[in-house]
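Could you look at this predicted model? Sequence included:
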Amino acid sequence: MKIFVLSLATLALLWPSRLVGADATGQVLVYVGYLNNLTGSPNSTDIPTPFDPDPNTILISSGGVVTPHDTGVIRFENRSDTPVIIDQVEVLTSTGVFRIWDDESLPLHLPVILNKGMNLVLAETQNFNFDTSNATAFLQSGTPLPMIVTGKVNENTFAFTDTNLVLTGQSDASGSAETTPYMQIGTIAIAPISGGI
């Protein structure tokens, strides 16, 4: 896991930023969730779904939903009418940066071509290397600082803030199981890549 410390001032500058393609042909929706099945079986309605690989879902993770996990989860849903390239995804926290899915030693890694109608799910690639519930500083009030999901879709940069604190395991409240279904944090307008994919 690569972690880089950023100042809160730097994070504040990044929170509202978002660059998306012009002449859109559709959208890619971005979601975040949390899966913790290490502290007991989560309620099945709370599990981020889809998670497991299937004909419509690509998974970059240490395993499917029954594998032991304590991990944040990011999902991209391609609702455009063209394939898209997902790349350089990272999560900025008040204590550092997670960027683990472009590791070429993984069986599958970024960049990924995501065909229309498909999902890309990103979670831990080994135990605890995307444990976002333990990777945030707290405001003086005790509220966790939100995290920012950044990356590129078709070479256009995006940045979305997890204002609902899903990646913190819903604030890791009361020693709860943390598992949280997907919540949408952003929409990216898609333009075809010049020259195609």
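All right, it came through fine. The model shown is predicted, which means the values in this text are computed figures rather than measured ones. Numbers count the residues shown, from 1 in each chain.

For Ser176, report the pLDDT, please.
Ser176 carries a pLDDT value of 62.

Make residue 1 into 219 and carry on from there
New numbering, starting at 219: the last item is Ser394.

any idea which helix or strand comes after the helix or strand of the chain with the lowest mean pLDDT?
Ranked by mean pLDDT, DSSP states H and E, the weakest helix or strand in the chain is helix 226-232, scoring a mean of 41. Tracing the chain C-terminally past helix 226-232 and defining elements by DSSP states H and E, one meets strand 244-254 next.

Averaged pLDDT, that following strand. What do you get?
Taken as a whole, strand 244-254 has an average pLDDT of 97.

Who are the packing partners of it?
Secondary-structure packing of strand 244-254 (3 or more C-beta pairs under 8 Å, 6 or more residues apart in numbering; DSSP states H and E): strand 288-296, strand 366-371, strand 398-408. (Glycine included, C-beta is placed from N, CA and C.)

Comparing the ones you listed, which comes out most buried?
Most buried of these, by mean neighbour count (mean count of other C-beta atoms under 10 Å): strand 288-296, with a mean of 26.

For it, give the mean pLDDT please.
Strand 288-296 comes out with an average pLDDT of 97.

quick one, it and strand 366-371 angle?
Put simply, strand 288-296 runs at 40 degrees to strand 366-371, going by axes from the mean of the first three to the mean of the last three C-alpha atoms, to 10 degrees.

Spatially central residue in the chain, please.
Ile292 (2.6 Å; C-alpha atoms, centre = their mean).

beta partners of that residue?
As for beta bridges, Ile292 partners with Val250, Leu340 under DSSP bridges.

need the contact list for it.
Val248, Tyr249, Val250, Val307, Val309, Val339, Leu340, Ala341, Val367 (C-beta atoms under 8 Å, 6 or more residues apart in numbering).

Quick check, the fourth one in contact with Val371.
Okay, so that is Val307. No - at 9.4 Å, Val307 and Val371 do not qualify as touching, with contact defined as C-beta atoms under 8 Å.

For Gly251, which non-adjacent residue is closest in space?
Spatial nearest neighbour of Gly251, chain neighbours left out: Pro266 (3.1 Å); criterion: C-beta to C-beta, 6 or more residues apart in numbering.

Pull the number of nearby residues for that neighbour.
Close neighbours of Pro266, defined as other C-beta atoms under 10 Å, add up to 25.

pretty sure it belongs to a strand, no?
No - judged by DSSP: H, G, I helix; E, B strand; the rest coil, Pro266 forms no part of a strand; its state is coil.

what's the spacing between it and Thr285?
The gap separating Pro266 from Thr285 is 14 Å, by C-beta to C-beta, to the nearest Å.

just Ser312 next, same as before
Applying C-beta to C-beta to Ser312 and Thr285 gives a distance of 28 Å.

who's more crowded, those two?
Neighbours per residue, other C-beta under 10 Å: of Ser312 and Thr285, the larger number sits with Ser312, 19 against 16.

Low-confidence regions, this protein specifically.
Within the chain, the segments meeting pLDDT under 70 span 219-242, 389-395, 410-415.

One more pass at 90, please.
Residues of the chain that meet the criterion pLDDT under 90 lie in 219-243, 257-258, 313, 352-362, 387-396, 409-415.
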